[in-house]
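**Q** Everything below, folded, please.
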Amino acid sequence: MKRYAAYDPPEYVNWTPDPEVMRTYRRTLRRHRERRAIIEQLSVETLLGLYEGMLRHRLHEIALKRWVRQGVITKAWLGTGEEAVTIGCVHALNRQPFEDGLPHDIVAPLIRNAGACHEMGMPVSAIFKTYLGTADSPMRGRDLHLGDVNKGVIPPISHMGDMVPFCAGIALSFKYRQQPRVVLTWTGDGSTKTGAFHEGMSLAAALRVPLIVVIQNNQVALGTPVEYHHKGDFAVWPKAYGVEGAVMDGNNVLDVYAAARWAADRARQGHGPILLIAETFRMGGHATHDEADARRLFPPEVFEYWGKRDPIGTYETYLIKSGIDLAQANDGLKGKKLEERNAAVLEAIEERVIAEIDAACEEALQSRKERMPRPDDLLEGVYCEEPSVSFPSSTVTAGASATGDGFSATEAKRK
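**A** From the prediction side, this is the model:
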């Protein structure tokens, strides 16, 4: 893929595959029998879809970073280096429509997992419009934490860890309705220290609901390295909650996909919640405003180590040298060597995604000119328009006013 000196981490700019890293990459794919079987059955379409998804994730974030440099927005929360954790998980789910018209499975991404939005079917422009606060953004200019329930994406709660009990409730509804659906959410290594995470996991385990929770261990909680807020090994946490689980290489999208697919199958079959642990690294700051602080937080060797494990670069190298004919029946590539054909297929995908991102940026910037929220839109969608309902005066809570024998909900409703 193309590299951008102005926006990529320095370790990515002149990236070349490290032979030992690539040997480990391939060994990882053979390490677990169940995951290996899943990977070996993947179609070319799925393999290329994973590549395209990670590119779309990386490039939409580069566009946001460019906007920060240009003064269009003040900051952006990026998942550079963690794309495989998001894209591998989403692609492992069933994204086909269910009988109620919603996607079969549901995701609840954190802001750093924004790639889940476009991989679940939301247009990339929706992400840009949300950052710009336009009226035609999914959140109608009100919030940066975006989602679209109709696309199976639950907008995240900004309080860390809170999505775990929230998703446990969604999963419980699937179980009660006997629907073969799962819900997946991510949580950072720091968020695992919240009461909400523990309570949500405990409840999900006790009720055996079809929930997948991914601990995205990116080695830092805001500005606190993991060794300062965590002791022990996350690998033993599934046993602590009495659930099944697995550790996956968070920079190897095929390992992530296979682990998430295994987890989804197990949860769908009634085996209860699954706890996955993804080992990865955030190649930047908490947001674009503190990247320099992040560089001072860790020694250069840490960035160098994880820089060699760029999830897109390593996967691209794997695909080119995989021995799989990615071009298949593409007559325009006949006569070229297999690796050349594969490289040409990936280049064509990248050009298409670049054009998609550019068009989405232009659409969002045009919306900022023409479709900013109106003041009178402030109260739309806040209060439901229910008919007048009278409640016995005994049900009126302290502080409410009642007249006669009842309390009029319509009279109390603010307009």
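
**Q** which helices and strands does the longest helix anywhere in the chain pack with?
**A** In the chain, taking DSSP state H as the definition, the longest helix is helix 338-370. On a contact count with 3 or more C-beta pairs under 8 Å, 6 or more residues apart in numbering; DSSP states H and E, helix 338-370 meets helix 44-70, helix 124-132, helix 311-320. C-betas here are computed from N, CA, C, even on glycine.

**Q** again, only using 10 Å
**A** helix 44-70, helix 115-119, helix 124-132, helix 311-320 (3 or more C-beta pairs under 10 Å, 6 or more residues apart in numbering; DSSP states H and E).

**Q** now these as TSV including mean pLDDT and mean neighbour count?
**A** Below are these laid out as TSV (pLDDT from 0 to 100; neighbours: other C-beta atoms under 10 Å):
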stretch	mean pLDDT	mean neighbour count
helix 44-70	97	20
helix 115-119	97	27
helix 124-132	97	24
helix 311-320	98	22
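
**Q** ok so, going back, what angle sits between the longest helix of the chain and helix 311-320?
**A** Using axes from the mean of the first three to the mean of the last three C-alpha atoms, to 10 degrees, the inter-axis angle of helix 338-370 relative to helix 311-320 is 140 degrees.

**Q** Report the buried residues of helix 338-370.
**A** Across helix 338-370, burial judged by 16 or more other C-beta atoms under 10 Å covers 338, 341-346, 349-350, 353-354, 356-357, 360-361, 363-365, 367.

**Q** That one vs helix 124-132, what angle?
**A** Put simply, helix 338-370 runs at 40 degrees to helix 124-132, going by the same axes, to 10 degrees.

**Q** Straight-line length of stretch 303-320, end to end?
**A** Taking C-alpha to C-alpha, to the nearest Å, stretch 303-320 runs 25 Å from one end to the other.

**Q** again but with stretch 364-375, I slipped
**A** First residue to last in stretch 364-375 (C-alpha to C-alpha) measures 20 Å.

**Q** Stretch 243-259 too?
**A** Start to finish, the residues bounding stretch 243-259 are 15 Å apart (C-alpha to C-alpha).

**Q** Check stretch 129-145 too.
**A** Per C-alpha to C-alpha, stretch 129-145 runs 12 Å from first to last residue.

**Q** so can I have CSV of the helices and strands packed on helix 338-370 showing distance to Gly152?
**A** Formatted as CSV, the helices and strands packed on helix 338-370 follow (distance: least, C-beta to C-beta, whole Å):
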stretch, distance to Gly152
helix 44-70, 15
helix 115-119, 9
helix 124-132, 14
helix 311-320, 24
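
**Q** Could you point out which of those helices sits nearest Glu291?
**A** Closest approach to Glu291 among the helices and strands packed on helix 338-370 (C-beta to C-beta): helix 44-70, 9.5 Å.

**Q** still on that earlier bit, and the longest helix of the chain, how far out from the chain's middle?
**A** 20 Å (C-alpha atoms, centre = their mean, to the nearest Å).

**Q** Run the angle between it and helix 44-70 for me.
**A** Interaxial angle of helix 338-370 relative to helix 44-70 (the same axes, to 10 degrees): 50 degrees.

**Q** for the record, mean pLDDT for helix 338-370?
**A** Helix 338-370 shows a mean pLDDT of 97.

**Q** related to what we said a few turns ago, compare the helices and strands packed on helix 338-370 and give me the one nearest Pro17.
**A** Among the helices and strands packed on helix 338-370, helix 311-320 sits nearest to Pro17 (C-beta to C-beta), with 4.3 Å.

**Q** out of the helices and strands packed on helix 338-370, nearest to Gly332?
**A** Between Gly332 and the helices and strands packed on helix 338-370, the shortest gap by C-beta to C-beta is with helix 44-70, which sits at 16.3 Å.

**Q** so what does that closest one touch, helix or strand wise?
**A** helix 83-91, helix 115-119, helix 124-132, helix 253-268, helix 311-320, helix 338-370.
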